[in-house]
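**Q** below are the sequence and a predicted model for it; my questions follow.
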Amino acid sequence: MDSGNTYWDDRALLEWQVELGADEAIQDAPIDRYALEAAKPKAKPDASAPPPPVQQEPEVDPVAVARVAAKNAADLEQLAAAMQAFEHCEIKRGARSFVFCDGNVDARVMIIGEAPGRDEDRAGKPFVGRAGQLLDRMLDAIQLGRGHEDAAKSVYITNVLPWRPPSNRAPEAAEIAMMLPFLERHIALADPEVIILMGNTPCQALLRKSGITRIRGNWTEVLGKPCLPMFHPAYLLRNTAAKREAWADLLEINARLKT
Ligand code: URA
């Protein structure tokens, strides 16, 4: 075979190989060892051999993780940071904002809703959409408002979940359970005099009860504080007749704050 090399090219190649230690000519033609390797029959796995050990991720209990993180939060700033660092609640991945609170943290009244909707997710604040606007009008009727500097006239607002569930679906029991330690710590740190639970979700979370039509308007206790379940303002937008009961509940709150 004519390689196209001159005598001097071949000689230089030979000398280079000798320099590398190839001092014996074995065959006339080169062997493609890659092709030989590919053609080798593959060894069959030994069916009697035990399977290689599978690396198992250690099981994580999100509720236990949340409990530790919440307990370690010494103030609301640390609590917000701990919640934002919590990676076990899947809805976080689809949400645009972390919605923590609005209003005056020194207020006597703490209002707890369900979860941010589309408007809240955009604004990063709870209760800013249509339901939130109705809530503001309801509070205004008893001379309360989230914008008041005076703590006596203000309210503090949060939700059970700080992230918007996809397509505004209802929060799942597991999501509520894993965020509950944070909510309880939130209440302890804000330390309100009175708590208002808006709709079924906060009642499920904090009272382990649902059936808002039955339980609304009846004072109960959460973490040793008086607490009143009410219809959610979004429900009132759809069922205007229920505004009568909502008004009665607002008067209850007003009376409680005067005592
Ligand atoms: N509904 C809620 O429960 N919370 C909000 O923040 C908005 C709507």
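**A** Yep, that arrived.
**Q** in the chain, which spans are helices?
**A** 7-20, 33-39, 62-72, 76-85, 91-94, 118-123, 130-141, 173-190, 200-207, 212-215, 233-238, 243-258 (DSSP state H).
**Q** mind listing what's buried in the fifth one?
**A** Within helix 91-94, the residues that qualify as buried by neighbour count (16 or more other Cβ atoms under 10 Å) are 91, 92. The C-beta positions use only the backbone N, C-alpha and C, and glycine is treated the same way.
**Q** give me the contact list for it.
**A** Helix 91-94 is contacted from outside by 86, 98, 161, 163, 164, 165, 166, 175, using Cβ atoms under 8 Å, 6 or more residues apart in numbering.
**Q** mind doing that once more with 6 Å?
**A** 163, 165, 166 (Cβ atoms under 6 Å, 6 or more residues apart in numbering).
**Q** thinking again about what came up before, now the helices of the chain in JSON lines, with mean pLDDT?
**A** Shown next, in JSON lines, are the helices of the chain (pLDDT from 0 to 100):
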{"stretch": "helix 7-20", "mean pLDDT": "76"}
{"stretch": "helix 33-39", "mean pLDDT": "79"}
{"stretch": "helix 62-72", "mean pLDDT": "98"}
{"stretch": "helix 76-85", "mean pLDDT": "98"}
{"stretch": "helix 91-94", "mean pLDDT": "97"}
{"stretch": "helix 118-123", "mean pLDDT": "98"}
{"stretch": "helix 130-141", "mean pLDDT": "98"}
{"stretch": "helix 173-190", "mean pLDDT": "98"}
{"stretch": "helix 200-207", "mean pLDDT": "98"}
{"stretch": "helix 212-215", "mean pLDDT": "97"}
{"stretch": "helix 233-238", "mean pLDDT": "98"}
{"stretch": "helix 243-258", "mean pLDDT": "97"}
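**Q** out of these, which comes closest to residue 110?
**A** Among these, the nearest to residue 110 by Cβ to Cβ is helix 173-190 (5.6 Å).
**Q** now the closest one, how far from the centre of its chain.
**A** Centroid separation between helix 173-190 and its chain, computed with Cα atoms, centre = their mean, to the nearest Å, is 12 Å.
**Q** establish whether it and the ligand are in contact.
**A** No: Helix 173-190 stays clear of the ligand (Cβ under 6 Å from any ligand atom), getting no nearer than 12.6 Å.
**Q** that helix vs helix 76-85, what angle?
**A** Orientation of helix 173-190 against helix 76-85 (axes from the mean of the first three to the mean of the last three Cα atoms, to 10 degrees) gives an angle of 170 degrees.
**Q** could you give the angle of helix 173-190 to helix 62-72?
**A** 10 degrees.
**Q** buried sites along helix 173-190?
**A** So helix 173-190, judged by 16+ other Cβ under 10 Å, has buried residues 175-176, 178-187, 189-190.
**Q** show me which residues of the stretch 51-200 of the chain are close to the ligand?
**A** Contacts of the stretch 51-200 of the chain with the ligand, taken as Cβ under 6 Å from any ligand atom, map to 113-117, 120, 126-127, 129, 131-132, 159, 198.
**Q** a markdown table for the residues you listed, including distance to residue 56 and neighbour count?
**A** Below are these laid out as a markdown table (distance: Cβ to Cβ, whole Å; neighbours: other Cβ atoms under 10 Å):
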| residue | distance to residue 56 | neighbour count |
| --- | --- | --- |
| 113 | 39 | 27 |
| 114 | 36 | 25 |
| 115 | 33 | 25 |
| 116 | 35 | 29 |
| 117 | 39 | 22 |
| 120 | 39 | 26 |
| 126 | 39 | 26 |
| 127 | 43 | 29 |
| 129 | 44 | 19 |
| 131 | 44 | 23 |
| 132 | 45 | 22 |
| 159 | 35 | 27 |
| 198 | 42 | 27 |
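**Q** ranking the helices of the chain by mean neighbour count, which comes first?
**A** helix 200-207 (a mean of 22; mean count of other Cβ atoms under 10 Å).
**Q** and the closest residue to the ligand within the stretch 151-259 of the chain, what pLDDT?
**A** Residue of the stretch 151-259 of the chain nearest the ligand, by Cβ to the nearest ligand atom: residue 159 (4.8 Å). The per-residue pLDDT reported for residue 159 equals 98.
**Q** done for today, thanks.
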